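[1] Provided below for reference: sequence and predicted model.
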Amino acid sequence: MTARVEHLVTSGTFALDGGVWDVDNNVWLVGDDREVVVIDAAHDAAAIEKAVGGRRLVAIVCTHAHNDHIGAAPALAAATGAPVLLHPAERELWDRTHPGTAPDGELVDGGTLSVAGVELTMLHTPGHSPGGVCLYAPELGTVFTGDTLFQGGPGATGRSFSDFPTIIDSIRDRLLTLPPGTVVRTGHGDPTTIGTEAPALADWIARGH
């Protein structure tokens, strides 16, 4: 069976630095009829478990540890037995949402995760947060960027743990090097492509330092 990308939107709140905002999050599933990976278990564990169905959940991958991206991860892991994977530089943010718990494994730059015959390669892309990770699936022609890159520009860097020059470096060095036709599947909002975003990103890069 051929691997495919499935999409679910869940809603809740994002909280950081004393503020709370209503948000809609993209939850991405990569797999086939037998097994699947969840990218960003946001807000609603029951809805995500329903989308997984009876398939084996290989892993719950967290692109970063802002509460709106990891809120449902422990409950989904408990329901399915799947491990939660997170870059170690995100641990302080994780602890703010899930104190007294820990992810089950670490994401490392260049590491790979196999599901349904395709490989997801981890690209460490700090800036929005210290341990932000994008997942590149060349066989599917797509990259899952979390909150690093959106349609229209880089992710936000105006709050704690973020840094604008760092996110610009990440986008320039790790994402703009991907083929222009690569579909960018983001943490919020609509997909785009690397080629579509590249011209406007040149202006952001020029302002990055």
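    Perfect, thanks for sending it.

[2] Can you show me the strands along this protein?
    Counting by DSSP state E, one finds strands in the chain at the ranges 4-16, 19-31, 35-39, 56-61, 84-86, 105-106, 112-115, 118-124, 133-137, 142-146, 149-150, 153-154, 183-186, 192-193.

[3] Please identify the most buried of these.
    strand 142-146 (a mean of 27; mean count of other CB atoms under 10 Å). The way it works is simple: take the backbone N, C-alpha and C, and place the C-beta from them, glycine included.

[4] Contacts for that one next, please.
    The contact list for strand 142-146 (CB atoms under 8 Å, 6 or more residues apart in numbering) reads 5, 28, 39-40, 63-64, 69, 120, 123, 125, 128, 132-137, 155, 175, 178, 182-187, 194.

[5] Could I get the contacting residues of the residue lying closest to Leu93 once chain neighbours are set aside?
    With sequence-adjacent residues excluded and distances taken as CB to CB, 6 or more residues apart in numbering, Leu93 is closest to Ala65, at 3.7 Å. Residues near Ala65 by CB under 8 Å, 6+ apart: 86, 90-91, 93-94, 97, 129, 131.

[6] Most neighbours among those, please name it.
    Ser129 (31 neighbours; other CB atoms under 10 Å).

[7] That one and Arg159 touch, don't they?
    No - judged on CB atoms under 8 Å, Ser129 makes no contact with Arg159 at a distance of 9.1 Å.

[8] re earlier: where among the strands of the chain is average confidence lowest?
    Note on the strands of the chain: strand 153-154 shows the lowest mean pLDDT, a mean of 94.

[9] helices or strands up against that one?
    Counting contacts by 3 or more CB pairs under 8 Å, 6 or more residues apart in numbering; DSSP states H and E, strand 153-154 is packed against helix 164-170, helix 194-206.

[10] For the last one, list every residue counted as buried.
    Going back to what we said before, that points to helix 194-206. Of all the residues in helix 194-206, those buried under the rule 16 or more other CB atoms under 10 Å are 194, 196-197, 201, 204-205.

[11] Pull the distance from that helix to the chain's centre.
    Offset of helix 194-206 from its chain centre (CA atoms, centre = their mean, to the nearest Å): 20 Å.

[12] Give me the contact list for it.
    143, 149, 151-154, 168, 171-172, 175-176, 178-182, 184.

[13] so it versus strand 142-146, what angle?
    40 degrees (axes from the mean of the first three to the mean of the last three CA atoms, to 10 degrees).
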